[in-house]
Each structure stands twice: as structure tokens, then as C-alpha cells.
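Fold the following and give me the result.
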Amino acid sequence: MNDRYPRIRLYSEFEGERYLTIRDSVNITFYMRTAHRDVARSVLNALETYRRAIGPRLLGWYVDYAGDWQKLDDTGWSFVHDELLQMEGTQLKLAERPDARTGYEFGYQGRPFDLPDYDASPGELTSLSCWVPTEYLEEHGPARVRELAIELGARLPFQSGHAGLCFHFNEWLVGMTRHVRELCFEYPGLDISTWESTSTKLGARLKAVQWLTFLGPPVLQEVGGVSGLGSRLRSPETTVQALDGDRAVITLGSWPEAGTTEPERTLAPYRELARLLEPWLFLDRRRLRGFTPEDMRRWERRFLD
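Have a look, this model is predicted:
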């Protein structure tokens with residue numbers, strides 16, 4: 001257990017069985033305006049990097065075309081490879097277990113932007129997202145998790161990305177965000193993980209300010225590049241590191257923090273970065289179930305107001 005963030009375990013009951021449906025985890029997500037076929041090999045490499053980091057046997061299930069969970073045996077892995085390397089676009093979801101959030105999950109949405117008849121919306125993006133439980137963070141240390149995030153991002157032509165603490169749940173399961181609403185304002189550093197819906201409209205904007213915030217073109221250039229960021233961010237806990245391909249990662253302290261509503265734990269480095277990046281933040285997302293319009297505004301602006 002770590003005093004930097006809470007231990008969250010919320011359960012649901014179904015047919016007499018109890019299932020873990022919401023938990024604290026660390027999420028790593030990247031967004032790209034890149035056609036699936038142009039990034040497929042890099043995504044496969046990123047998946048293998050993730051598997052090496054967590055252990056090759058921890059991902060045990062995948063979602064098939066019908067939306068049903070199937071075992072990731074040899075046939076399942078053949079399905080994953082074919083989807084990545086032979087399809088014009090695809091959606092993948094892999095997890096340790098199909099019936100509970102264990103903290104280990106991998107997701108990918110590859111858009112066929114290169115097809116002439118594909119009617120993409122202006123904000124639609126290809127996206128990759130993966131999770132590790134906070135137990136992994138505690139066992140391996142934050143430096144290893146940061147290294148993993150940077151290694152994953154190095155393989156991808158991302159426009160933006162983020163890594164940090166989150167509420168980990170199935171965003172399409174009815175009722176989940178109502179329970180998140182009861183906790184999210186107490187811990188502003190825990191993001192609400194909605195990568196699937198966010199990737200349909202994010203575009204060149206930034207989904208979140210988190211422990212690690214990844215910037216690529218065009219936003220990095222618009223804020224003055226790595227040198228411009230470094231000169232405008234004053235917190236001693238904040239570092240800005242240049243990455244290959246005109247990209248950068250901003251790190252807000254040595255550990256991810258959940259924060260609280262107490263004055264001394266309101267995450268000042270997060271607030272400083274959010275104010276700098278406010279013109280590019282995604283502040284008009286869909287209203288989550290259980291949230292009023294005022295709740296959504298308060299949540300989106302939690303580091304700004």
C-alpha cells in the first residue's frame with residue numbers, strides 16, 4: 001500500500017457471484033492520426049514490449065468479432081497477429097481475465113484512414129492503451145513504469161499521450177461511472193479512463209494532464225518546443241525530456257500522485273502544467289453517466305479552477 005494514492009476495489013454482483021469491476025491502476029495511452037496499416041508493425045512491437053514487461057502469460061483472453069471473450073491460446077494469438085498485420089483497420093481488447101479488472105489489459109483501435117471511402121471524423125484517432133495494476137508500480141518502482149511508457153511511445157508516431165493513475169473499469173458497462181462519481185473529486189490525480197470513446201473525437205487536443213504527459217506535433221511546437229516548456233514550468237518536481245521525432249514527455253514528480261482536496265495535496269505541478277496547456281485541453285467530452293453537466297465541468301477543470 002502507498003500513501004500517494006488510495007486502494008480502490010469496487011465490486012458488482014451478478015447471479016450470486018461477486019466481481020471486481022472498478023479498481024485503481026496505472027494507464028498508458030497514446031493517440032495517433034495514423035492509418036492502421038502504417039502503424040500495425042509498431043503496435044505489434046509495442047504489444048510484445050508490454051508482454052515482456054508484465055510476463056508473457058498474464059494476458060489470457062481476447063474479445064472476438066462477436067464481442068465474446070475467448071482464451072488467448074495459439075488460435076487466439078494467431079487471431080491477434082492476423083488482425084494487426086492483415087486487416088485495413090481493427091479493434092483489439094486483451095486482458096488477464098474476462099470477469100474482473102485485475103489491472104492488466106491492452107487495447108487498440110486502428111483506423112483505416114488510408115482508405116478513400118473511409119469517412120473519418122476530424123477528431124478521430126488511432127489509439128493504443130494498456131494498464132498495469134498499482135501493485136506492479138509498487139513492486140517495480142515508478143522509474144520502471146516510466147521507462148515502459150517511454151519505450152511504448154518510442155515505437156509509435158503519437159500526437160499526444162499520457163500515463164498515470166486511473167479508475168480502471170469497463171467504460172461501456174452501464175452504471176460504472178456513477179460509482180466513479182462518488183470518488184473522483186476526492187482524488188483529482190486519478191483519471192477516468194475512457195480511451196475508446198475519447199479516440200473518436202480528441203483530434204489534436206490533449207485528453208489529460210497526468211503524471212506523464214506526452215506531446216508531439218502540432219502541440220509541442222505551438223507551446224515552444226522542449227526549451228519553451230522548460231522555461232515556463234517552474235515546479236522543481238517537473239522535468240521535460242526530448243524524445244525522438246519532435247516529441248517530448250513531461251514528468252510531474254518521481255511518483256504518480258492521487259492528491260486530495262487538502263490544500264497541501266492539490267497537485268500544484270499538475271495545476272501549473274494544466275494552465276499552460278489549457279488552450280489545447282479536451283474540455284468538451286461527452287457527459288458521463290451519473291454526472292451532471294456541472295459535475296463534468298468541475299471534473300474537466302479540476303486543475304484549472
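
which intervals of this structure have sub-threshold pLDDT?
1, 263-264 (pLDDT under 70).

Select the longest strand from it.
Secondary structure of the chain per DSSP state E: the longest strand is strand 17-32.

tell me which residues in it are buried?
20-32 (16 or more other C-beta atoms under 10 Å). (C-beta placed from N, C-alpha, C; glycine too.)

what's the farthest-apart pair in those residues?
20 and 32 (31.1 Å; C-beta to C-beta).

Can you name every helix or strand that the longest strand of the chain contacts?
strand 9-14, strand 126-133, helix 134-140, helix 142-154, strand 160-168, helix 176-184, helix 195-198 (3 or more C-beta pairs under 8 Å, 6 or more residues apart in numbering; DSSP states H and E).

which other helices and strands contact the shortest one?
In this structure, helix 195-198 packs against strand 17-32, strand 105-110, strand 126-133, with contacts taken as 3+ C-beta pairs under 8 Å, 6+ apart.

Which element is encountered next along the chain beyond it?
strand 212-215 (DSSP states H and E).

Give the next helix or strand downstream of that following strand.
Toward the C-terminus from strand 212-215 - assigned by DSSP H and E - lies helix 219-222.

gap between residue 245 and residue 220?
10 Å (C-beta to C-beta, to the nearest Å).

Please apply the same query to residue 86.
Taking C-beta to C-beta, one finds residue 86 at 33 Å from residue 220.

what about the nearest residue to residue 69 once chain neighbours are set aside, neighbour count?
Nearest residue to residue 69, sequence neighbours excluded (C-beta to C-beta, 6 or more residues apart in numbering): residue 98, at 3.6 Å. As a burial measure, residue 98 scores 14 neighbours (other C-beta atoms under 10 Å).

Check whether residue 98 sits in a helix, strand or coil.
coil (DSSP: H, G, I helix; E, B strand; the rest coil).

so it makes contact with residue 61?
Yes: contact status for residue 98 versus residue 61: in contact at 4.7 Å, counting by C-beta atoms under 8 Å.

Which neighbours do those two have in common?
Residues touching both residue 98 and residue 61 by C-beta atoms under 8 Å, 6 or more residues apart in numbering: residue 69.

buried ones in the biggest helix by length in the chain?
The helix spanning the most residues in the chain, taking DSSP state H as the definition, is helix 36-54. Across helix 36-54, burial judged by 16+ other C-beta under 10 Å covers 36-37, 39-40, 42-44, 46-47, 50-51, 53-54.

can I get those residues in JSON lines with distance to residue 167?
Formatted as JSON lines, these follow (distance: C-beta to C-beta, whole Å):
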{"residue": "36", "distance to residue 167": "28"}
{"residue": "37", "distance to residue 167": "33"}
{"residue": "39", "distance to residue 167": "28"}
{"residue": "40", "distance to residue 167": "30"}
{"residue": "42", "distance to residue 167": "28"}
{"residue": "43", "distance to residue 167": "25"}
{"residue": "44", "distance to residue 167": "29"}
{"residue": "46", "distance to residue 167": "23"}
{"residue": "47", "distance to residue 167": "24"}
{"residue": "50", "distance to residue 167": "20"}
{"residue": "51", "distance to residue 167": "24"}
{"residue": "53", "distance to residue 167": "22"}
{"residue": "54", "distance to residue 167": "20"}
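
Need the max-distance pair from those.
37 and 54 (27.1 Å).

hmm, back to that, the longest helix of the chain - contacts with which helices or strands?
In terms of contacts (3+ C-beta pairs under 8 Å, 6+ apart), helix 36-54 is packed against helix 74-86, strand 105-110, strand 126-133, helix 142-154.

relative to strand 17-32, how tilted is the third one?
Between the axis of strand 126-133 and that of strand 17-32 there is an angle of 140 degrees, by axes from the mean of the first three to the mean of the last three C-alpha atoms, to 10 degrees.
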